[in-house]
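**Student:** Fold the following.
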Amino acid sequence: MSRFTAISAAQVPPNRRRGGELRVVLGPATAGATTGFLGVLRLAPGEHVAEHYHPYSEEFLYVTAGAMVVRLDGERLDVRAGEGVLVPKDVRHRVWNETGEDAEAVFHLCPLAPRPELGHVDTEPVPAAHEPVLQVEGG
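**Tutor:** So this is what the prediction gives:
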């Protein structure tokens, strides 16, 4: 028997706490990762991930389908399928889908925070499930 395993996003329960549908496919809990994690973000039209920052990690976001808007420290950036963006540590960021089509991205964060609860700092209220995008300055 192999000690290596492929993990499908469908095997991982979705996390909707900050908005959208996030699934950590490869991480400490799913694959025993020790330095970071990789996952998939799906946003239906009008969905968003609430603004937050990572005090310990950089985030790499690569859009694989549709388009997303990423606000980085208040600056708007439109990101389409086939494009990626680096979110440096300590940079406030918010992601949303203002198109009429579903959008999907792959994300990777590293290094890991010393403890999971230290990994994300929320800077706006987290949305209720399927709450529409909040209209805010710069986004």
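**Student:** just checking, Val79 touches Val69?
**Tutor:** Yes - using Cβ atoms under 8 Å, Val79 is in contact with Val69, at 7.4 Å. The C-beta positions use only the backbone N, C-alpha and C, and glycine is treated the same way.
**Student:** low-scoring stretches of the protein, by residue?
**Tutor:** Confidence mapping of the chain against pLDDT under 70 gives the ranges 1, 128-139.
**Student:** switch the cut-off to 50
**Tutor:** 129-139 (pLDDT under 50).
**Student:** Determine the number of other residues adjacent to Trp96.
**Tutor:** Residues within reach of Trp96, counting by other Cβ atoms under 10 Å, total 25.
**Student:** For it, give the beta-bridge partners.
**Tutor:** Bridge pairing for Trp96 (DSSP bridges) gives the partners His48, Val69.
**Student:** going forward, begin numbering at 29 instead of 1
**Tutor:** With 29 as the first residue, the last one maps to Trp124.
**Student:** do you know how far Gly110 is from Pro155?
**Tutor:** 27 Å (Cβ to Cβ, to the nearest Å).
**Student:** swap that for Ile35, sorry
**Tutor:** To Pro155, Ile35 is 27 Å away according to Cβ to Cβ.
**Student:** ok, these two, which is more surrounded?
**Tutor:** Pro155 (20 against 15).
**Student:** Who's the closest spatial neighbour of the more buried one, skipping the chain neighbours?
**Tutor:** Once flanking residues are discounted, Pro155 sits nearest to Gly47: 4.3 Å by Cβ to Cβ, 6 or more residues apart in numbering.
**Student:** Return the residues in contact with that neighbour.
**Tutor:** Going by Cβ atoms under 8 Å, 6 or more residues apart in numbering, Gly47 touches Leu71, Glu75, His76, Val77, Ala78, Val154, Pro155, Glu159.
**Student:** what two of the residues you listed have the greatest distance between them?
**Tutor:** The distance between the two most remote of those (Cβ to Cβ) is 14.6 Å, for Leu71 and Val154.
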